[in-house]
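Student: quick one, structure for this:
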Amino acid sequence: MLIKIALSLPIAYGLAYPFLHPDAGGGILKEVEMLGPVGSLIAVLLFLILVALYCRDLQRALALVRPEARKAKPRSVWLMFLLPYNFIEDFFIVANVATSLREEARHNEQLKLPRDVGLVSGWGWCAAQVVSLIPHALGSAAGLLAIVLWVVHWRFVRSANAGLATQQPDHGE
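Tutor: All right, here's what the predicted structure looks like:
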């Protein structure tokens, strides 16, 4: 836990950087600012709704695997909303979901998961999200890549959930 908090400190600086250096240009704040106040509010609310839906699907994935296959409590995925800690915790959330699904698939021959897609796309969006804090074109490109990989990962999770839901009762929490 202390390591995660320590790693969150540079993330906090990255998030604060545009406020501390407003003339640096670029970065997500500049991109959101281009939408205007109403557009910015709508974009942020839409993003938060999508993250909540994603968390719900991650929670469902953990709830659908057998308790002995779970690497984390289903509700732990909601730590994704805890800024700036979430930038580091997201790597662990993705790994816990991928490992839990992989463990479930080992004991459930009917569950077919693409090899390591969950971990690769999940860690990919997590890493790109961190890089997106860098201002200018590199941060913008990483932000776009993070969104693409996030969608790929989300589709993987939803597919796994669909497979699990048809094969066993919910072990929910």
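Student: going by C-alpha atoms from here, please, whenever you check contacts or count neighbours.
Tutor: Noted.
Student: element containing the closest residue to Lys73 other than its chain neighbours?
Tutor: Distance criterion Cα to Cα, 6 or more residues apart in numbering; nearest residue to Lys73, sequence neighbours excluded, is Leu62 at 7.1 Å. Taking DSSP states H and E as the definition, Leu62 sits inside helix 36-64.
Student: circling back to that earlier point, wait, what's in contact with the residue nearest to Lys73?
Tutor: Neighbouring residues of Leu62 by Cα atoms under 8 Å, 6 or more residues apart in numbering: Arg70, Ala72, Lys73, Pro74, Val97, Ser100, Leu101.
Student: and if we set it to 7 Å?
Tutor: Arg70, Pro74, Val97, Ser100 (Cα atoms under 7 Å, 6 or more residues apart in numbering).
Student: thinking again about what came up before, list the buried residues for the helix holding Leu62?
Tutor: Within helix 36-64, the residues scored as buried using 16 or more other Cα atoms under 10 Å are Ser40, Ala52, Tyr54, Cys55, Asp57, Leu58, Gln59, Arg60, Ala61, Leu62, Ala63, Leu64.
Student: now do Gln167 against Gly118, distance only.
Tutor: Going from Gln167 to Gly118 by Cα to Cα, to the nearest Å gives 20 Å.
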